[in-house]
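Participant: show me the folded form of this:
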Amino acid sequence: MSGATRRRVLKGAALAAAGSVVGGFGAGTGAAARPATGGTGSLPFLEGAFAPVTEELTAFGLKVTGRLPRDLDGRYLRTGPNALGLEDPRAHHWMLGDGMVHGVRLRGGRAEWYRNRWVRSAQVAKKLGERYPGQAPPDDFACNTHVIPYKGRILALQESGPLPYELDGELATVRPYDFRSTLTGAFTAHTKYDATADELHAVAYYATWDHVRHIMIDRTGRVAATHRIPVADAPMMHDFALTGKYVVIVDVPLTFDAAAAEAGALVPYLWNERHPMRVGVMPRTGGATRWFQIDPVFYSHTLNAYDQGDTVVVEYTAMPAPFYAAGRGNGGPSSTGTPTLERWVVDLRSGRVTGTRLDDLPQEFPRVNESLVSRRHRYGYTASAAEMWRAYETVDGVPPDEKFSNCLVKHDLLRGSRQVHRFSRGAAASEPVFVPRRGGRDEDDGYILSYVHDPDRGATDLVVLAAQDFTGHPLARVHLPGRVPLGFHGSWVADA
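Facilitator: Predicted coordinates for the structure are as follows:
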């Protein structure tokens with residue numbers, strides 16, 4: 001399918017016809033969420049905890065319950081889809097919502113401010129009646145999946161096409177960022193930063209490629225190496241894994257469907273039973289990829305990976321096969337079961353892959369102490385939000401039972417145990433991010449930060465937990481002036 005762009009391939013004609021009126025649906029910031037479809041419950045990704053907010057807010061001197069650690073000096077940022085100006089909510093998919101970044105500035109035991117800002121792609125700027133500076137880059141998109149710090153910059157990320165967008169310290173959009181004019185082609189939302197080597201790694205895919213690309217950005221901030229790895233059927237590769245020696249590529253049978261794209265499908269990636277599920281192991285410096293065929297799952301997110309003798313260990317969250325990225329009439333992705341925490345051990349000597357379920361509690365958004373990415377770790381952190389699992393399993397307006405709850409989870413992978421910090425009904429919990437304590441030596445000596453909805457206020461709190469007292473009372477709750485919709489990923493951006 002030559003000449004395909006992100007707008008053509010992933011958005012389709014329906015999204016291009018979206019209106020330009022801000023706040024055409026959903027709930028205003030700080031208000032109870034209104035159903036986007038008249039309360040039918042058929043579009044859960046535009047309702048309740050997912051409902052987009054309609055305003056950009058700035059608030060100073062935020063109220064805090066408890067006591068903020070004084071060594072939390074920086075910004076906690078998290079992004080997600082926040083659709084802007086939809087005329088027809090049914091002609092929309094959650095994953096294609098315009099990116100909005102939510103941030104809290106902490107310093108000296110105080111919560112100085114909260115801001116939420118749409119990423120100003122050319123289309124978002126047009127909807128907001130603003131001028132877009134310069135010419136929009138190819139495959140321009142308001143990146144909605146991750147926001148990371150990188151060498152003094154803040155980057156909003158998206159997979160399969162768009163350049164990252166650089167933001168300033170107050171979340172204003174600066175410009176598209178191409179790593180000092182060295183990045184061409186697609187990028188990813190799930191980079192891996194190896195702090196020891198001072199390298200940023202990515203695995204990028206694109207609908208028209210016959211390969212995926214491993215990209216290594218070196219300590220100078222430039223793309224230093226690009227390795228092309230041949231794959232069939234243009235699979236979606238949402239995440240990958242990195243060890244000290246290897247890049248781990250996960251070839252999932254969720255592949256591009258050109259006919260669906262031509263017909264205007266919003267997300268033309270379909271579960272393909274004819275495409276074998278494989279794990280590929282390639283040296284970080286390039287070379288041949290060894291492939292290992294395994295039973296199909298939807299590989300969602302990497303917790304971490306590391307080398308152990310002649311084996312490669314990968315810990316990750318996955319959903320059962322088949323997985324419906326385009327959804328089944330619910331306005332977002334749809335699954336046949338909830339995600340669980342899993343482990344693969346790839347034995348490079350015997351050529352076997354052993355899979356183990358580490359925890360069958362519904363959970364997602366796994367995070368680790370970032371200083372240990374690609375190295376052996378002991379602890380991991382995940383989130384479970386009841387409303388998210390109900391949305392993923394809702395088909396044609398019929399939700400599953402009420403078995404799900406809201407919590408954050410700390411895993412001790414050495415002992416094979418977990419601790420659960422539970423929240424009340426309606427208190428949807430977002431991804432947990434670990435922040436090391438200043439001067440701390442233990443892997444878990446630090447804090448867990450997460451946006452958690454407060455149903456009594458109809459707004460969100462930034463919850464701060466002591467990672468070594470995970471089930472205890474929060475150290476602090478920063479009360480934000482509005483809601484942070486359930487979304488995707490974020491980072492702690494420490495002050496230099």
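Participant: for the rest of this, base every contact and every neighbour count on C-alpha atoms.
Facilitator: Noted.
Participant: hmm, Val104 and Trp113 touching each other?
Facilitator: Yes. Look at Trp113 against Val104 with C-alpha atoms under 8 Å: they come within range, at 5.7 Å.
Participant: okay, those two: which has more neighbours?
Facilitator: A direct count of neighbours by other C-alpha atoms under 10 Å for Trp113 and Val104 places Val104 higher, at 24 against 18.
Participant: would you double-check that that one falls in a strand?
Facilitator: Yes. Using DSSP: H, G, I helix; E, B strand; the rest coil, the assignment for Val104 is a strand.
Participant: how much space separates it from Arg153?
Facilitator: Between Val104 and Arg153 the computed distance is 17 Å (C-alpha to C-alpha, to the nearest Å).
Participant: what is the mean pLDDT for stretch 382-394?
Facilitator: Per-residue pLDDT over stretch 382-394 has a mean of 92.
Participant: so what touches that stretch?
Facilitator: Under the criterion C-alpha atoms under 8 Å, 6 or more residues apart in numbering, residues 42, 44-45, 49, 330, 332-338, 362-367, 399-400, 404-410, 426-432, 486 lie in contact with stretch 382-394.
Participant: quick one: buried ones out of those residues?
Facilitator: The neighbour-count test (16 or more other C-alpha atoms under 10 Å) applied to the contacts of stretch 382-394 identifies 42, 44-45, 49, 330, 332-335, 337-338, 362-367, 399, 404-410, 426-432, 486 as buried.
Participant: can you map out the helices along the stretch 201-350 of the chain?
Facilitator: Assigned by DSSP state H, counting those that start in this stretch, the helices in the stretch 201-350 of the chain fall at 258-262.
Participant: spit out the contact partners of the spatially closest residue to Glu199 that is not a sequence neighbour.
Facilitator: Nearest non-adjacent residue to Glu199, counting by C-alpha to C-alpha, 6 or more residues apart in numbering: Asp218, 4.8 Å away. Residues near Asp218 by C-alpha under 8 Å, 6+ apart: Asp198, Glu199, Leu200, Ala224.
Participant: could you tell me the end-to-end distance of stretch 260-272?
Facilitator: 13 Å.
Participant: for that stretch, buried residues please.
Facilitator: For stretch 260-272, a neighbour-count test (16+ other C-alpha under 10 Å) marks Ala260, Ala261, Gly264, Ala265, Leu266, Val267, Pro268, Tyr269, Leu270, Trp271, Asn272 as buried.
Participant: pick the one among these closest to Arg228.
Facilitator: Distance to Arg228, by C-alpha to C-alpha, is smallest for Tyr269 among these, at 21.4 Å.
Participant: hmm, Leu254 and that closest one touching each other?
Facilitator: Yes. Tyr269 is in contact with Leu254 according to C-alpha under 8 Å; the separation is 6.0 Å.
Participant: what about the residue nearest to Lys151 when sequence neighbours are not counted, distance to Trp492?
Facilitator: Counting by C-alpha to C-alpha, 6+ apart, Lys151 lies nearest to Gly221, which is 7.6 Å off, once chain neighbours are set aside. Noted for Gly221: a distance of 20 Å to Trp492, by C-alpha to C-alpha.
Participant: of these two, which one has the most company?
Facilitator: More neighbours surround Trp492 than the other of Gly221 and Trp492, with 21 against 17 (other C-alpha under 10 Å).
Participant: ok, Gly331 - contacts?
Facilitator: Residues in contact with Gly331 (C-alpha under 8 Å, 6+ apart) are Leu43, Pro44, Phe45, Leu46, Arg90, His92, His93, Trp94.
Participant: and the gap between it and Leu408?
Facilitator: Here Gly331 is placed at a distance of 26 Å from Leu408 (C-alpha to C-alpha).
Participant: repeat that for Asp233.
Facilitator: Distance of Asp233 to Leu408, given as C-alpha to C-alpha: 37 Å.
Participant: give me the element Ala111 is part of.
Facilitator: strand 110-118 (DSSP states H and E).
Participant: packing partners of that strand?
Facilitator: Applying 3 or more C-alpha pairs under 8 Å, 6 or more residues apart in numbering; DSSP states H and E, one finds that strand 110-118 contacts strand 58-60, strand 99-107.
Participant: next one: that strand to chain centre, how far?
Facilitator: Distance of strand 110-118 from the chain centroid (C-alpha atoms, centre = their mean, to the nearest Å) equals 20 Å.
Participant: and that strand, which strands flank it?
Facilitator: Here strand 110-118 is paired, per DSSP bridges, with strand 58-60 (antiparallel), strand 99-107 (antiparallel).
Participant: Val267 and Gly329: what is the separation?
Facilitator: In terms of C-alpha to C-alpha, Val267 sits 12 Å off from Gly329.
Participant: so how far is Pro230 from Tyr206?
Facilitator: Plainly put, Tyr206 is 12 Å away from Pro230 if you go by C-alpha to C-alpha.
Participant: likewise Met319?
Facilitator: Relative to Pro230, and taking C-alpha to C-alpha, Met319 is found at 25 Å.
Participant: overlap in contacts, Tyr269 and Leu254.
Facilitator: With C-alpha under 8 Å, 6+ apart, Tyr269 and Leu254 have common neighbours Pro235, Met236, Ala325.
Participant: which residues does the residue nearest to the first one when sequence neighbours are not counted contact?
Facilitator: In space, Pro235 comes closest to Thr255 once its chain neighbours are excluded; the distance is 4.0 Å by C-alpha to C-alpha, 6+ apart. For Thr255, the contact set (C-alpha under 8 Å, 6+ apart) comprises Asp233, Ala234, Pro235, Met236, Tyr269, Leu270, Trp271, Asn272.
Participant: picking that back up, quick check: the residue nearest to Lys151 touching Arg180?
Facilitator: Yes. Contact criterion C-alpha under 8 Å: Gly221 and Arg180 qualify, at 7.1 Å.
Participant: name the helix or strand for Pro485, please.
Facilitator: Residue-wise, Pro485 maps onto no helix or strand under DSSP H and E.
Participant: let me see the contact set for it.
Facilitator: Residues in contact with Pro485, defined by C-alpha under 8 Å, 6+ apart, are Ala49, Phe50, Ala51, Pro52, Val53, Gly80, Asn82.
Participant: the fifth one touches Pro481, doesn't it?
Facilitator: No. Counting by C-alpha under 8 Å, Pro481 is not a contact partner of Val53; they are 11.9 Å apart.
Participant: so which of those two has more stuff around it?
Facilitator: Neighbour count, other C-alpha under 10 Å: between Val53 and Pro481, Val53 has more, with 25 against 21.
Participant: and that one, what's its pLDDT?
Facilitator: 97.
Participant: so how far is Ser430 from Pro69?
Facilitator: 21 Å.
Participant: and the closest residue to Tyr114 other than its chain neighbours, what are its bridge partners?
Facilitator: The spatial neighbour of Tyr114 that comes closest, neighbours along the chain excluded (C-alpha to C-alpha, 6+ apart), is Val104 at 4.5 Å. Beta bridges link Val104 to Tyr76, Tyr114, judged by DSSP bridges.
Participant: residues contacting Val104?
Facilitator: Residues near Val104 by C-alpha under 8 Å, 6+ apart: Arg75, Tyr76, Leu77, Ala111, Glu112, Trp113, Tyr114, Arg115.
Participant: who wins on neighbours among those?
Facilitator: In terms of neighbours by other C-alpha under 10 Å, the contacts of Val104 top out with Leu77 at 27 neighbours.
Participant: how close does the residue lying closest to that residue once chain neighbours are set aside sit to Asp233?
Facilitator: Spatial nearest neighbour of Leu77, excluding adjacent residues (C-alpha to C-alpha, 6+ apart): Gly103 at 4.4 Å. Using C-alpha to C-alpha, Gly103 is found at 38 Å from Asp233.
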